[in-house]
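Visitor: next one to model:
(one chain, ligands or ions: 1)
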Amino acid sequence: MANSNSKIIDGKLISSQIIEEIKTELKTLAVKPGLALILAGNNPASEIYVRNKEKKCKELGYYSIVERLDKAISEAQLLDLIDKLNKDSKIHGILVQFPLPKHISEMNVLEAVDYRKDVDGFHPINSGRLVIGEKCFLPCTPAGIHELLKRRKVQTSGKNVVVLGRSNIVGKPIAGILMQKNKNANATVTICHSATENISDYTKRADIIIAAIGKANFLKGDMVKNGVVIVDVGINRIEDKASEKGYKIVGDIDFDECYPKASLITPVPGGVGPMTIAMLMKNTLDSAAKKIYN
Ligand code: GUN
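Guide: Numbering: from 1, shown residues only. You can find the predicted model right below:
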């Protein structure tokens, strides 16, 4: 299995294995997967995410289109575009990059995307189906976390999982995935959040911790038990005078403190991050192959 003699869960390696598996599957697929990426406005982080997704589509030979829209676009115009893409048979996946300009309702946009093309897994039909354990598109970051755990053969059945953070993008869906009754899940899941008192009481009992709260170096060594598996979803920029750029990227885990106690741990960068795009490509492939919905 992937990199199985190291304590580090190597997301770069595992994501590249998934990309290779996709390339193999593509050879047997009669249809070319098509992904539409919609970017409204000029959020610098979103620009980078969309460019990286577009690059990966090109690498795999997917049909991809990128709709770059002015930040002043009206909600009605955006909904019209989504409607057009819903009807386009060359398009199997539609991704609207968030955040959207403030005058546009993200919920209206999510609901406008045909749930059968919702490769981001954010449509309420997909999130509802996830909770009740029905086949659906899984959001890409939680799906990537689950792949990391499976491929490093982490037992989840009967284990205590603590999720730090209750976002719709990561915290809630990963909790939903890991509480299902199947052999790759079946965990006892606790979600801690900003109103949780004495978080250490939970994290110290956890066999697996998934941190997605957006607080740099939040989880300290004395908050975890020996042998814990830690997945760090955080991407936080902190000042670093020693670096040329003046900053560095760190996760939600104090890596140096937690590493000695962990049996497995994801680094930042190079852990969960690279998995997200790989799972987006996988969802798009599955959509083209009609594996989720007919
Ligand atoms: N913004 C931050 N993360 C995501 C994501 O996973 N999907 C989309 N569409 N927008 C995001």
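
Visitor: ok, which stretches of the stretch 151-294 of the chain are strands?
Guide: For the stretch 151-294 of the chain, applying DSSP state E, counting those that start in this stretch gives strands covering 160-164, 188-192, 208-211, 228-232, 236-239, 247-250, 262-265.

Visitor: pull up the pairing partners for the first one, direction included.
Guide: Read that as strand 160-164. Its sheet considered, strand 160-164 pairs with strand 188-192 (parallel), strand 208-211 (parallel) by DSSP bridges.

Visitor: name the residues of the stretch 101-250 of the chain found near the ligand, please.
Guide: 120, 140, 141, 169 (C-beta under 6 Å from any ligand atom). Yep, even glycine has a C-beta here, placed from its N, CA and C like the rest.

Visitor: from the stretch 101-250 of the chain, which residue is nearest to the ligand?
Guide: Residue of the stretch 101-250 of the chain nearest the ligand, by C-beta to the nearest ligand atom: residue 120 (4.8 Å).

Visitor: close enough to count as contact, that residue and residue 95?
Guide: Yes - the pair residue 120 / residue 95 is scored as a contact, 5.1 Å apart, by C-beta atoms under 8 Å.

Visitor: now tabulate the strands of the stretch 151-294 of the chain in TSV and tack on distance to residue 48.
Guide: Formatted as TSV, the strands of the stretch 151-294 of the chain follow (distance: least, C-beta to C-beta, whole Å):
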stretch	distance to residue 48
strand 160-164	25
strand 188-192	29
strand 208-211	22
strand 228-232	20
strand 236-239	13
strand 247-250	13
strand 262-265	26
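
Visitor: may I see those organised as JSON lines, with mean neighbour count, distance to residue 124 and mean pLDDT added?
Guide: Output for those, formatted as JSON lines (neighbours: other C-beta atoms under 10 Å; distance: least, C-beta to C-beta, whole Å; pLDDT from 0 to 100):
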{"stretch": "strand 160-164", "mean neighbour count": "25", "distance to residue 124": "21", "mean pLDDT": "99"}
{"stretch": "strand 188-192", "mean neighbour count": "18", "distance to residue 124": "19", "mean pLDDT": "98"}
{"stretch": "strand 208-211", "mean neighbour count": "26", "distance to residue 124": "23", "mean pLDDT": "98"}
{"stretch": "strand 228-232", "mean neighbour count": "26", "distance to residue 124": "26", "mean pLDDT": "98"}
{"stretch": "strand 236-239", "mean neighbour count": "12", "distance to residue 124": "29", "mean pLDDT": "95"}
{"stretch": "strand 247-250", "mean neighbour count": "16", "distance to residue 124": "32", "mean pLDDT": "95"}
{"stretch": "strand 262-265", "mean neighbour count": "20", "distance to residue 124": "34", "mean pLDDT": "98"}
